[in-house]
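Peer 1: fold the following and give me the result.
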Amino acid sequence: MIEVKNVTKEFISPKKYPGLKGAIKGLFSNEKEKKLAVDDISFSIKKGEIVGYIGSNGAGKSTTIKMMTGILTPTKGECLINGVNPSKERKKNAQNIGVVFGQRTQLWWDLPLSESFTILKEIYNVGDEEYKERMEFLNRVLELEEFWTRPVRNLSLGQRMRADLGAALIHNPKVLYLDEPTIGLDLVVKDNIRSAIREINEKYQTTVILTTHDIGDIEELCSRIIIIDDGRKIYDGSLSNLKEQYGTMRKVSMEVRNVEEVVSLDLAESLSVPKNTYRITADLEQSSVMVSFDKNELQVSDIIAQFMKKTDVRDIKIQETELSEIVKEIYNHGI
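Peer 2: Down below sits the predicted model:
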């Protein structure tokens with residue numbers, strides 16, 4: 001459904017100089033600055049996939065999405081969406097795609113929501129029967145009827161996001177681009193929108209590209225993620241593989257009878273492992289101790305056995321590395 005082949009995007013702008021003298025110099029200077037926003041990115045996405053496209057601010061996510069939607073033309077390389085080049089065949093591409101930007105709306109601010117949908121129906125040449133069937137589905141999954149006659153400016157953020165999602169789907173696009181679709185929403189509305197996206201994907205086999213900083217969106221919706229950093233793709237694979245490769249740290253928390261007896265336990269000596277593969281922290285008030293360790297170097301059963309030799313262990317809790325921690329580490333230090 002989507003082919004991105006060696007795509008690069010450079011932005012060229014006049015060079016700016018500091019201060020008043022710099023501003024005057026800039027008026028007469030022909031020097032230019034190059035900014036490489038996307039650097040030789042390639043990937044392909046199959047029909048019906050939900051893919052998370054993530055990266056830190058300024059990594060190049062939005063620039064890539066704009067090239068895939070036809071807003072920007074690549075400096076080098078090529079994008080094909082369902083066989084269509086977005087920058088060369090914009091009208092044809094627009095029939096294939098739906099776009100939702102969390103900070104912007106495609107609805108008419110002063111018109112009732114129903115009028116916005118009627119206008120979009122005509123823009124996309126949606127037939128009456130098809131429109132009726134689509135609206136029945138969208139009303140069921142997004143519950144648009146409760147604010148159907150209200151002007152868009154009077155809608156809450158959650159209602160507007162549901163309306164924007166419905167508007168992007170009115171022509172049954174083959175590809176749906178979602179940029180921060182749950183930003184600023186409460187937990188209940190987030191769950192509703194995620195459920196709607198899943199149902200839309202299952203019913204129509206809509207291919208979904210999701211850019212977000214909300215790791216909950218990624219975990220709930222995506223089976224595959226693409227991570228970019230400084231304009232380059234640094235990871236493309238499944239969530240499970242990402243956790244397996246980079247989530248090597250685990251935590252085991254134990255409620256013990258006597259914290260003082262175990263807080264200085266030397267696992268490096270007793271288990272013959274390097275000291276930098278684990279860390280022990282204690283909470284005297286809660287009578288608990290936590291061991292953070294590298295699962296490739298230490299086994300949970302060995303750690304627990306060492307603690308049970310020293311004191312009574314009343315309760316045990318094992319935690320895998322959370323996806324948010326893995327992604328944060330990748331943003332900070334790369335792969």
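Peer 1: give me the contact list for the longest helix along the chain.
Peer 2: Determined from DSSP state H, the single longest helix within the chain is helix 187-204. Contact with helix 187-204 is made by 48, 50, 137, 141-143, 158, 161-162, 165, 169, 172, 176, 178, 181-182, 185, 206, 208, 214, 216-217, 220-221, as judged by Cβ atoms under 8 Å, 6 or more residues apart in numbering. Where you see a C-beta, it was placed from the backbone N, CA and C, and this is true even at glycine.
Peer 1: pLDDT below threshold where in the stretch 201-335 of the chain?
Peer 2: Applying pLDDT under 70 to the stretch 201-335 of the chain flags residues 333-335.
Peer 1: just the mean pLDDT for stretch 17-30, thanks.
Peer 2: Stretch 17-30 carries an average pLDDT of 75.
Peer 1: which stretches in the stretch 151-300 of the chain count as helices?
Peer 2: Here the stretch 151-300 of the chain has its helices, by DSSP state H, counting those that start in this stretch, at 157-168, 187-204, 215-221, 239-246, 259-262, 267-271, 300-310.
Peer 1: which elements pack onto the last one?
Peer 2: Applying 3 or more Cβ pairs under 8 Å, 6 or more residues apart in numbering; DSSP states H and E, we find helix 300-310 packed against strand 249-256, helix 259-262, helix 267-271, strand 288-294, strand 313-319.
Peer 1: what strands line up against the last one, and which way round?
Peer 2: Within its sheet, and counting by DSSP bridges, strand 313-319 is paired with strand 249-256 (antiparallel).
Peer 1: who's in contact with the strand it pairs with?
Peer 2: Contacts for strand 249-256 (Cβ under 8 Å, 6+ apart): 262, 286-295, 300, 303-304, 307, 311-321.
Peer 1: show me where pLDDT drops low in the stretch 1-150 of the chain?
Peer 2: For the stretch 1-150 of the chain (pLDDT under 70), the answer is 102.
Peer 1: so which residues of it form helices?
Peer 2: Going by DSSP H, counting those that start in this stretch, the stretch 1-150 of the chain shows helices at 19-28, 61-69, 90-96, 113-123, 128-142.
Peer 1: list the residues that contact the most centrally placed residue in the chain.
Peer 2: The centroid of the chain falls nearest to residue 212 when counting by Cα atoms, centre = their mean (3.2 Å). Residue 212 makes contact with 52, 54, 178-183, 218, according to Cβ under 8 Å, 6+ apart.
Peer 1: thinking again about what came up before, show the buried residues in the contacts of helix 187-204.
Peer 2: When those are checked for burial by 16 or more other Cβ atoms under 10 Å, the buried set is 50, 137, 141-142, 158, 161-162, 165, 169, 172, 176, 178, 181-182, 185, 206, 208, 214, 217, 220-221.
Peer 1: as a markdown table, the helices of the stretch 151-300 of the chain with distance to residue 100 would be great.
Peer 2: Formatted as a markdown table, these follow (distance: least, Cβ to Cβ, whole Å):
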| stretch | distance to residue 100 |
| --- | --- |
| helix 157-168 | 5 |
| helix 187-204 | 10 |
| helix 215-221 | 12 |
| helix 239-246 | 22 |
| helix 259-262 | 51 |
| helix 267-271 | 50 |
| helix 300-310 | 43 |
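Peer 1: can you say which of the helices of the stretch 1-150 of the chain is nearest to residue 241?
Peer 2: helix 61-69 (20.9 Å; Cβ to Cβ).
Peer 1: same for that closest one, what does it pack against?
Peer 2: So helix 61-69, by 3+ Cβ pairs under 8 Å, 6+ apart, packs with strand 2-14, strand 32-45, strand 50-54, strand 76-81, strand 175-179, strand 207-211.
Peer 1: go again using 7 Å as the cut-off
Peer 2: strand 2-14, strand 32-45, strand 76-81, strand 175-179 (3 or more Cβ pairs under 7 Å, 6 or more residues apart in numbering; DSSP states H and E).
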